[in-house]
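A.B. asks: Sequence first, predicted model second:
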Amino acid sequence: MNERNAAEKKRRRFLNASSSFYYMLIMLILFTVGDMIRDIRTDASAYELRFEDDETFQAAGSVYRLYVNDKYYDDVDYNRFCLLDENGNTDYKYCVLVQDASNLTYILIICSMFFIVIKIANNSMGSTPFTRENIKLVKVISILQLLLGVLPGVVRMIMTMLRFSYYHGTFDVNSLFLLAISFVIAMIAFIFEKGLALQEDVDSIA
């Protein structure tokens with residue numbers, strides 16, 4: 001009886017903690033969407049790109065900085081913010097929206113992965129984590145990890161090509177790293193699936 005009560009208390013603590021984590025993830029998504037809505041509503045003339053000296057330890061030299069209504073917004077990549085359309089004009093606001101859309105895609109995928117991890121942990125409370133449902137969820141995580149390495153860049157490329165006359169793309173080592181992690185997660189799911197099948201065979205013989 002005491003063991004059951006202890007297990008139930010542990011489960012309630014986990015549910016409370018996971019609920020708080022769900023709340024933080026949802027708020028993160030809402031803040032990201034809010035930033036994008038704010039940028040959409042800001043007038044295009046409010047955006048200004050400046051080339052300024054930066055003597056900080058991280059970026060000694062000169063950097064491109066974006067200002068909105070004369071207020072510092074962010075340090076930016078010149079290759080992504082000085083693209084020209086067919087008339088030779090650039091659009092800093094649209095470049096910001098491209099960045100917002102890419103970031104939102106990234107956040108949505110990350111949050112989806114965390115939601116699934118919490119689901120796996122919840123399924124494993126009081127029982128073995130090696131179940132067919134959990135293995136399927138791990139496979140979903142591997143797919144999401146694959147999308148994490150590809151989809152934000154695809155969103156950026158499509159939006160850029162819709163507005164500007166060319167797209168400047170560079171090899172991203174981080175994307176390759178994310179794809180490698182996706183492969184590792186998929187292999188773990190495959191190993192767990194084979195292990196579960198063997199365990200089920202042993203249990204059926206016993």
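C.D. replies: Sure, I can see it. Residues are numbered from 1 along each chain as shown.
A.B. asks: Quick check: Val96 vs Ser102, distance?
C.D. replies: 11 Å (C-beta to C-beta, to the nearest Å). Any C-beta I mention is one placed from the backbone N, CA and C, and that applies to glycine too.
A.B. asks: err, Lys119, not the other one
C.D. replies: Counting by C-beta to C-beta, the gap from Lys119 to Ser102 is 27 Å.
A.B. asks: Surely Gly88 is within a helix?
C.D. replies: No: per DSSP: H, G, I helix; E, B strand; the rest coil, Gly88 lies outside any helix segment and is coil.
A.B. asks: For the protein, give me the ranges with low pLDDT.
C.D. replies: For the chain, the stretches with pLDDT under 70 are 1-8, 55-61, 168-173, 206.
A.B. asks: what comes up buried for the longest helix along it?
C.D. replies: Counting by DSSP state H, the longest helix found in the chain is helix 2-41. Within helix 2-41, the residues that count as buried by 16 or more other C-beta atoms under 10 Å are 18, 25, 29, 32, 36, 39.
A.B. asks: Can you tell me the strand partners of the next helix or strand along the chain from it and which way each runs?
C.D. replies: Downstream of helix 2-41, the first helix or strand assigned by DSSP states H and E is strand 47-54. Strands that pair with strand 47-54, judged by DSSP bridges, come out as strand 61-68 (antiparallel).
A.B. asks: can I get the CA coordinates of the strand it pairs with in PDB?
C.D. replies: In PDB, the C-alpha atoms belonging to strand 61-68 read as follows (Å, rounded to 0.1, in the frame of the first residue of the first chain):
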ATOM      1  CA  GLY A  61      35.800  44.700 -36.000                       C
ATOM      2  CA  SER A  62      32.800  46.000 -37.900                       C
ATOM      3  CA  VAL A  63      29.400  44.400 -38.100                       C
ATOM      4  CA  TYR A  64      26.100  45.000 -39.800                       C
ATOM      5  CA  ARG A  65      23.300  45.900 -37.300                       C
ATOM      6  CA  LEU A  66      19.700  46.200 -37.900                       C
ATOM      7  CA  TYR A  67      17.700  49.100 -36.300                       C
ATOM      8  CA  VAL A  68      13.900  49.400 -36.100                       C
END
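A.B. asks: any residues touching that strand, and which ones?
C.D. replies: If you take C-beta atoms under 8 Å, 6 or more residues apart in numbering as the criterion, strand 61-68 is touched by 42, 46-54, 72-78, 81, 92, 96.
A.B. asks: With stretch 32-41 instead?
C.D. replies: With C-beta under 8 Å, 6+ apart, stretch 32-41 has contacts from 93, 96-97, 100-101, 103-104, 107.
A.B. asks: Recalculate using a threshold of 6 Å.
C.D. replies: 96-97, 100, 104, 107 (C-beta atoms under 6 Å, 6 or more residues apart in numbering).
A.B. asks: Fine by me, we can end here.
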